[in-house]
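Asker: task: produce atomic coordinates for the following.
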Amino acid sequence: MALVAVGGYGRRELLPGSDLDVLLVHTGQPDVSQLADRIWYPIWDSGIRLDHAVRTPREGREVARADLRAALGLLHARHVAGDPGLTAELRRGVLADWRAAAGTRLAELQALHVQRAQRSGELAFLLEPDLKEARGGLRDASAIHAVAAAWVASGPGPRVRAGREFILDARHALHVVTGRPTDRLVLQEQDEVARVLGLADADALLRRLAEAGRAVAYALDQSFRQAHRSSGGRASRTSRAPRLGWAGRRAGPAAARLGLPGAGLARRGVPPVSALRRPLAEGLVEQDGDVVLARSADPASDPALPLRAAAAAAQAGLTLAPRTLARLADCPPLPVPWPAGARDALLALLGAGQAAIGVWEALDQEELVTRLLPDWERVRNCPQRNPLHTYTVDRHLVETAARAAALTRSVARPDLLLITTLLHDIGKGWPGDHLLTGEVAARDTAYRLGLGAGDADMVARAVRHHLLLPRTATRRDLDDPVTVTQVAQAVGSRPLLDLLHALAIADAQATGPAAWNDWKAGLVSELVRRVGAALGGEPPPAPLPLRAEQIALAAAGEPGVMLNGSEVTVVAPDRPGLLWQAAGVLASHRLAVRSANATSCGDMAVTAFTVARHYGEPPDPALVTSDLRRALTGQLDVAQRLRRREQAAPRPTAGVAPPKVTLVDDASATATVVEVRAHDAPGLLWRIGRALGECGLDVRAARVETLGAEAVDVFYVVDAGGQPVKDGRTRGQIAAEVLGAVAG
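Answerer: Residues are numbered from 1 along each chain as shown. Alright, predicted model coming up:
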């Protein structure tokens, strides 16, 4: 008999919350169950969790052949006690079966990896990552060993081993801090876990985890690609789980490092590597789906070679061979300013769109990016404490540039668009306002790239103002002349306006799915249209006229509601407080207001709301109309309805920032602008509007934006005489009343 450790116990990765994975191996003894009980019961009595089985070597191999997870655990079988010959027999058999069926098993392993990534996300980019299951986590680190055990790819290198050790350390600390066998690093535990690991804070922890996770994820992708190539197939550019068709293979250095038997066996049935080499660029050729160096290439005397190689790979949709990446590290640094050829190669790389992302990641893993752009080190793996953001700062910049590649036809200077998108958040690596620090860093980098003074200034100004259009469009009244005038003065020229428009689109699309929608796109486009007219000396475009059906609804002379997709038109006799009363009725029907614009048609007020449904089907317009009429006559208690919805809604966590109310100066010449930032909740707009009404104010227009779970609501209000509020004491009372309504 033999007692064998498998899984994490076999890998010597036990943590405070781990269970013991053990296998009792025997040769058919009839009394094995009695001996098993004598082993298992004391362990159970001690409170240690135990995952156990009793098998003969043959049964162990059969289970491994049928169950991928069991096979992965047995690949790390380690002798604990008893007959070591039985452990060796089981281990040899499982490894032989694994290699013999490598084509099937590694395809299953890659499919399992894809499923985990889809389910758990990517460790490097999550604010609350699963250290075990997420892409780049401990499961993937073990998968690299599994691929190497098939003798078709290298084992993990030093960067991956260091990354795996840090993730294990973080998981160990998480078990210590929580006292539970948990794998998800939630926000409230991160500072304490960082302290246990000797790190400054949670951001330092997430940054180290991002570095480790990206190293593991990149290495596993390389392992699968190398395994596929070892089978004689060409790397698939589209399939996420390519067919793998190898049989027995020679054990190379990876097998020796892993302590696998069979090192030195003759390689059988492997097709010869193709000798076809297709020229791609100076010093670069394609071979077997990879970009490799030509025989004439001389890295030691060619500083632009890394950028040329990356551009060739991205433009051709290929990968950079690992050996090529290693040799590119021998290239000398680029002179400052860059020669035109190097800058052109960078633009060709970024202009390849989505194909540029993987190539850039390869350069980053070899630490070539920071050699090209020293300021990149400050944003590398930098986390973003915003649920809207999908990626770390550096990956977001590359994703934005990739998105901008599809927008280059809409601007006068596509080269400056690509450079600006790559640098627009570079200021987040410095303390202070990233718009201001980014302007300085972007100008310095533009000079490094060899841009002239005029072009460098445009890049820097675009970085300084890259949030101007989306923030203004969603938080200011576009019908107010001051709004357009201020934006036109800040932009100054049509080329910069068009560049900022394209940058706003690419930036939002690369941020995450919640950061860009048709409503925001329409507002930004309308703002660009109006500012463009102002820059061209044209009169301000007139507001869009009411449609015929809206005029017909107002002509009826009675309160009414019309639904048209995400637009809800409400008409009623004009009166103070109409906007917030209508917003309350809409909220009671599960419609979240995103914007509101009011105009007049005779004696009737026509308010167009842009709304989003929380869930379910659109409400019945007749029912909404009935409730609106009852609310206007005081027969419907909207407050009670909204209280019931608030009670059913999830409560914000303790870490939510308190609400903030600001009266913005100089944003309008005809109204007082009140900006409210708060955690979103049902009826929030109604509560704010009611507070403004109780202050004797009339809401002329509203801009409502929800960013994740946070609301940024802006209201244009006037007093009873239709004028902005100038008195400082009254302004303070307004802020206090609104803050009380939001906080209550």
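
Asker: from Val585, how far out is Asp620?
Answerer: Distance check for Asp620 against Val585: by C-beta to C-beta, to the nearest Å, it reads 13 Å. Yep, even glycine has a C-beta here, placed from its N, CA and C like the rest.

Asker: okay, those two: which has more neighbours?
Answerer: Val585 (27 against 12; other C-beta atoms under 10 Å).

Asker: tell me which helix or strand of the chain sits lowest on mean pLDDT?
Answerer: Scoring the helices and strands of the chain by mean pLDDT, DSSP states H and E places helix 253-258 at the bottom, with a mean of 37.

Asker: moving C-terminal of that one, what's the next helix or strand?
Answerer: Using DSSP states H and E, the helix or strand that follows helix 253-258 in sequence is strand 278-281.

Asker: would you mark the buried spots in the strand or helix carrying Arg69?
Answerer: With elements taken from DSSP H and E, the one containing Arg69 is helix 68-74. Judged by neighbour count using 16 or more other C-beta atoms under 10 Å, the buried positions of helix 68-74 are Leu68, Ala70, Ala71, Leu72, Gly73, Leu74.

Asker: the first one is in contact with Ala107, isn't it?
Answerer: Think Leu68. No. With the criterion set as C-beta atoms under 8 Å, Leu68 and Ala107 do not qualify as a contacting pair; they are 10.3 Å apart.

Asker: pull out the buried residues from stretch 378-393.
Answerer: 378-384, 388-393.

Asker: stretch 661-680 - what's its average pLDDT?
Answerer: In this model, stretch 661-680 carries a mean pLDDT of 89.

Asker: residues in contact with it?
Answerer: Stretch 661-680 is contacted by residues 475-477, 480-483, 486, 592, 652, 656-657, 659-660, 684, 688, 692, 697, 700-701, 706, 709-718, 724-725, 731, 734-735, 738-739, 742 when judged by C-beta atoms under 8 Å, 6 or more residues apart in numbering.

Asker: next: stretch 75-91.
Answerer: Outside stretch 75-91, the residues within contact range by C-beta under 8 Å, 6+ apart are 1-7, 9-12, 22-23, 25-27, 57, 60-61, 74, 94-95, 98, 142, 145-146, 149, 261.

Asker: that one spans what distance, first to last residue?
Answerer: One end of stretch 75-91 sits 7 Å from the other (C-alpha to C-alpha, to the nearest Å).

Asker: just give me how far it sits from the chain centre.
Answerer: 44 Å (C-alpha atoms, centre = their mean, to the nearest Å).

Asker: quick one: contacts for Glu189?
Answerer: With contact set as C-beta under 8 Å, 6+ apart, Glu189 has these partners: Leu174, Val177, Thr178.

Asker: elements contacting the helix or strand where the first one lies?
Answerer: Which is Leu174. Here Leu174, judged by DSSP H and E, is contained in helix 158-178. Packing contacts for helix 158-178, counted by 3 or more C-beta pairs under 8 Å, 6 or more residues apart in numbering; DSSP states H and E, involve helix 138-149, helix 187-196, helix 202-230.

Asker: try it again with 6 Å
Answerer: Using 3 or more C-beta pairs under 6 Å, 6 or more residues apart in numbering; DSSP states H and E as the contact definition, the elements that helix 158-178 packs against are helix 187-196, helix 202-230.

Asker: next, the angle from the last one to helix 138-149.
Answerer: Relative orientation of helix 202-230 with respect to helix 138-149: 30 degrees, computed using axes from the mean of the first three to the mean of the last three C-alpha atoms, to 10 degrees.

Asker: just how off-centre is helix 202-230 within its chain?
Answerer: If you compare the mean C-alpha spot of helix 202-230 with that of the full chain, they lie 16 Å apart, counting by C-alpha atoms, centre = their mean.

Asker: for stretch 73-83, same thing?
Answerer: Centre to centre, stretch against its chain (C-alpha atoms, centre = their mean), the figure for stretch 73-83 is 40 Å.

Asker: hey, where'd the helices end up in the stretch 401-550 of the chain?
Answerer: Secondary structure of the stretch 401-550 of the chain (DSSP state H, counting those that start in this stretch): helices located at 414-423, 434-448, 453-464, 468-475, 481-491, 494-511, 518-535, 548-555.

Asker: angle of the first one against helix 453-464?
Answerer: Which is helix 414-423. Note on geometry: by the same axes, to 10 degrees, helix 414-423 and helix 453-464 are set 40 degrees apart in direction.
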